[in-house]
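Undergrad: Pasting a predicted model and its sequence here:
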Amino acid sequence: MSSRTVANSGPSVPATAAPPVRRSGFGRSQVLVTGAVGAAVVNLVVFAVAKLAGASLVVMDAGEEHAVTVGGVIGSSVVPLLVGTGAALLLALWKPVFLRIAQYVGSGLALLSVAGPLSADADGGTVAALSLMHITLGVAVFATLRLHRRHRRHRRHR
């Protein structure tokens with residue numbers, strides 16, 4: 001500690017401030033971006049493999065054809081992950097238990113959403129690809145929140 005003090009400040013206060021705490025690893029925004037990009041990349045690979053394997057990637061809904069597109073895959077991978085895990089990370093600022101709850105609830109909801117592709121009026125390759133994309137999103141939600149929880153725990157024990 002320094003013996004220098006600020007004049008007229010009442011009790012002695014050191015003149016030099018403590019060095020800023022240096023944070024390493026992933027913060028909330030980095031975890032979100034990593035999870036969203038990871039989910040999108042894996043789902044684009046699934047999309048490409050399905051296309052190469054001859055899947056039509058067209059779903060019939062109420063007599064109308066809906067094509068699965070690259071933009072649709074990216075949007076459907078990124079938006080739910082950002083919204084769901086982002087909300088969990090914000091709630092965890094209030095009560096940290098929300099991270100663990102969201103890790104399981106979010107993954108479970110993504111896995112339950114596989115019912116949509118499984119009941120879709122589409123060829124087998126399209127159903128398989130869309131189902132795998134939903135499963136990928138569930139894994140990404142779990143892994144993203146796990147990464148953040150693990151980083152927080154590691155940082156506390158330093």
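TA: Looks like it came in fine.

Undergrad: Below-threshold pLDDT in this structure: ranges please.
TA: By pLDDT under 70, the low-scoring segments of the chain are 1-26, 151-158.

Undergrad: ok now the longest helix along the chain, how far from the chain's centre?
TA: Scanning the chain for the helix with the most residues, using DSSP state H, yields helix 124-156. Centroid separation between helix 124-156 and its chain, computed with Cα atoms, centre = their mean, to the nearest Å, is 7 Å.

Undergrad: In terms of secondary structure, what does it contact?
TA: With contacts defined as 3 or more Cβ pairs under 8 Å, 6 or more residues apart in numbering; DSSP states H and E, helix 124-156 has these neighbours: helix 28-52, strand 58-61, helix 70-94, helix 97-112, helix 115-118. (Each C-beta comes from the backbone N, C-alpha and C, glycine too.)

Undergrad: I'd like those laid out as a markdown table, including distance to Leu132 and mean neighbour count.
TA: Formatted as a markdown table, these follow (distance: least, Cβ to Cβ, whole Å; neighbours: other Cβ atoms under 10 Å):
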| stretch | distance to Leu132 | mean neighbour count |
| --- | --- | --- |
| helix 28-52 | 5 | 17 |
| strand 58-61 | 15 | 14 |
| helix 70-94 | 11 | 16 |
| helix 97-112 | 12 | 17 |
| helix 115-118 | 9 | 14 |
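
Undergrad: on that earlier part again, report the angle between the axes of the longest helix of the chain and helix 28-52?
TA: 160 degrees (axes from the mean of the first three to the mean of the last three Cα atoms, to 10 degrees).

Undergrad: List the buried residues for helix 124-156?
TA: Judged by neighbour count using 16 or more other Cβ atoms under 10 Å, the buried positions of helix 124-156 are 125-138, 140-149, 151.

Undergrad: Pull stretch 121-137 out as PDB, backbone CA atoms only.
TA: C-alpha atoms of stretch 121-137 as PDB (Å, rounded to 0.1, in the frame of the first residue of the first chain):
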ATOM      1  CA  ASP A 121     -44.700 -34.000 -45.400                       C
ATOM      2  CA  ALA A 122     -41.300 -34.300 -47.000                       C
ATOM      3  CA  ASP A 123     -38.900 -37.000 -48.300                       C
ATOM      4  CA  GLY A 124     -36.800 -39.000 -45.900                       C
ATOM      5  CA  GLY A 125     -33.600 -37.100 -46.500                       C
ATOM      6  CA  THR A 126     -35.300 -33.800 -45.800                       C
ATOM      7  CA  VAL A 127     -36.900 -35.200 -42.600                       C
ATOM      8  CA  ALA A 128     -33.500 -36.600 -41.400                       C
ATOM      9  CA  ALA A 129     -31.600 -33.400 -42.200                       C
ATOM     10  CA  LEU A 130     -34.200 -31.100 -40.500                       C
ATOM     11  CA  SER A 131     -34.400 -33.400 -37.400                       C
ATOM     12  CA  LEU A 132     -30.600 -33.400 -37.100                       C
ATOM     13  CA  MET A 133     -30.600 -29.600 -37.300                       C
ATOM     14  CA  HIS A 134     -33.000 -29.400 -34.400                       C
ATOM     15  CA  ILE A 135     -30.900 -31.800 -32.400                       C
ATOM     16  CA  THR A 136     -27.800 -29.700 -33.200                       C
ATOM     17  CA  LEU A 137     -29.500 -26.700 -31.800                       C
END
